[in-house]
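Asker: Quick one: sequence and predicted model below, then my questions.
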Amino acid sequence: MKNRLFRFTDIFKETLWGGERILPFKGLSADGRQIGESWELSGIAGSESVVAGGAYDGFSLTHLVAEGGAALLGADNFRRFGTKFPLLVKFIDAAQPLSVQVHPNDELAMRRHGCPGKTEMWYVVDCAPGAYLLDGFSRVVTADEYAARVADQTLPEVLRRYEVRPGDVYYLPAGRVHSIGAGCFICEIQQSSDVTYRIYDFGRVDSQGRSRQLHVEEAKEAIDYAVPEAERRREVRVNEPAELVRSPYFTTSVYRLTEPMVCDYSELDSFVILVCTAGTCRVACGEEEAVLTAGHTLLVAAEAEGVRLSPEDGDTTLLESYI
């Protein structure tokens, strides 16, 4: 490919529960909008990322994948996914709690919606005091009890609640009931799917006084009613990659850098996504360079081999994801 490093234009989503932190986090001026999500890298129809700069400036992500093929995605990924980019990366700013929801697995999503399921992970970038997440059932619950608790507004009572701090990681396989609480600012990495079953919304209404649609019955078959293992905190050492999640859908590591590091991707048959969550990093591949600041994302082509990461702003944090 003519380039191996790719930036993309921002896609901002205003939401009922969104806050005002995403724009300043990205170095932009707040404008009063309640932006709940910034889609950093997306192949979802209607919300597709567009290349910003370089030889492919203005290409949609799908067009870029069609142009690059295996050189961009990796040979195995290109065989599996074709021109459909397989991951979606977001920043989420929750000024109010998100609905309690669940996503279907691949089999159910394909059968009902003709698309992949949605397994995801959360990396907590920042949080307000007392911020929390809901992640899975705290005890065994039946489908009938689930429906009854939605009806009598007590579903959160049987969900596991975690008070969060920056750097926490949560892996949410499809079928896991979950919610992001008020005060959480997270990076979400997920399968490329936008199928969500909203099952509980804290009695909220929109600006016209209408309740949002719930999908209580649709979710029954999607929910995994098992009790998951409790999440544990991961300690990260400076200047050493720390693997956070390894799954069939993506592998994600975090780097806390105070000095340069070279990443050898020569044996990796995959694209790599780099997300900066703190500081500033100069990313170089051959003659190409890109400066990655907090709140921004870079796609590295699979044909890239040695990628040099040089922090420029003290303690810099990067997330690295690939398939």
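Answerer: Alright, I've got the coordinates. Numbers count the residues shown, from 1 in each chain.
Asker: neighbours of R160, just the number please.
Answerer: 17 (other CB atoms under 10 Å). In this view, the C-beta of every residue, glycine as well, is placed from N, C-alpha and C.
Asker: repeat for L257
Answerer: 22.
Asker: so it makes contact with V238?
Answerer: Yes - between L257 and V238 a contact is recorded at 7.4 Å, counting by CB atoms under 8 Å.
Asker: where's stretch 236-247 relative to the chain centroid, distance-wise?
Answerer: What separates the centre of stretch 236-247 from the centre of its chain is 17 Å, taken as CA atoms, centre = their mean, to the nearest Å.
Asker: Show me which positions of it end up buried.
Answerer: 241, 244-245 (16 or more other CB atoms under 10 Å).
Asker: Same question for stretch 40-49.
Answerer: Buried, per 16+ other CB under 10 Å, within stretch 40-49: 40-44, 48-49.
Asker: Next, format the residues you listed as JSON lines and append pLDDT, secondary structure and distance to Y171.
Answerer: Below are the buried residues of stretch 40-49 laid out as JSON lines (pLDDT from 0 to 100; DSSP: H, G, I helix; E, B strand; the rest coil; distance: CB to CB, whole Å):
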{"residue": "E40", "pLDDT": "98", "secondary structure": "strand", "distance to Y171": "19"}
{"residue": "L41", "pLDDT": "98", "secondary structure": "strand", "distance to Y171": "19"}
{"residue": "S42", "pLDDT": "98", "secondary structure": "coil", "distance to Y171": "21"}
{"residue": "G43", "pLDDT": "97", "secondary structure": "coil", "distance to Y171": "22"}
{"residue": "I44", "pLDDT": "97", "secondary structure": "coil", "distance to Y171": "21"}
{"residue": "E48", "pLDDT": "98", "secondary structure": "coil", "distance to Y171": "26"}
{"residue": "S49", "pLDDT": "98", "secondary structure": "coil", "distance to Y171": "24"}
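Asker: how does the protein divide up, domain by domain?
Answerer: Domain assignment for the chain, taken from automatic domain parsing, gives 5-222, 242-322.
Asker: Now distance to E231 too, for these, in CSV please.
Answerer: Formatted as CSV, the domains of the chain follow (distance: least, CB to CB, whole Å):
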stretch, distance to E231
domain 5-222, 6
domain 242-322, 11
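Asker: Specify the beta-bridge partners of the closest residue in space to Q213 that isn't next to it in sequence.
Answerer: Nearest residue to Q213, sequence neighbours excluded (CB to CB, 6 or more residues apart in numbering): R198, at 6.8 Å. R198 has the following beta-bridge partners by DSSP bridges: Q101.
Asker: what sits against R198?
Answerer: By CB atoms under 8 Å, 6 or more residues apart in numbering, the residues touching R198 are 99-101, 212-215.
Asker: Greatest separation within those residues: which pair is it?
Answerer: Using CB to CB, the pair of the contacts of R198 lying farthest apart is V100 and Q213, separated by 13.9 Å.
Asker: Which one's more surrounded, those two?
Answerer: V100 (22 against 7).
Asker: tell me the contacts of the nearest residue to the more buried one once chain neighbours are set aside?
Answerer: Of all residues not flanking V100 in the chain, Y200 sits nearest, at 3.8 Å (CB to CB, 6+ apart). By CB under 8 Å, 6+ apart, the contact set of Y200 is 99-100, 150, 153, 155-156, 179, 214.
Asker: out of those residues, which are buried?
Answerer: Among the contacts of Y200, those that count as buried by neighbour count (16+ other CB under 10 Å) are 99-100, 150, 155-156, 179, 214.
Asker: Which members of those residues are the farthest-apart pair?
Answerer: Pairwise distances among those were taken by CB to CB; the largest, 14.6 Å, belongs to P156 and L214.
Asker: returning to that earlier point: put together JSON lines for the contacts of Y200, with secondary structure, distance to L309 and pLDDT on each row.
Answerer: Converted to JSON lines, the contacts of Y200 look like this (DSSP: H, G, I helix; E, B strand; the rest coil; distance: CB to CB, whole Å; pLDDT from 0 to 100):
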{"residue": "S99", "secondary structure": "coil", "distance to L309": "37", "pLDDT": "96"}
{"residue": "V100", "secondary structure": "strand", "distance to L309": "38", "pLDDT": "98"}
{"residue": "V150", "secondary structure": "helix", "distance to L309": "46", "pLDDT": "95"}
{"residue": "Q153", "secondary structure": "coil", "distance to L309": "48", "pLDDT": "92"}
{"residue": "L155", "secondary structure": "helix", "distance to L309": "43", "pLDDT": "96"}
{"residue": "P156", "secondary structure": "helix", "distance to L309": "41", "pLDDT": "96"}
{"residue": "S179", "secondary structure": "strand", "distance to L309": "34", "pLDDT": "98"}
{"residue": "L214", "secondary structure": "coil", "distance to L309": "44", "pLDDT": "95"}
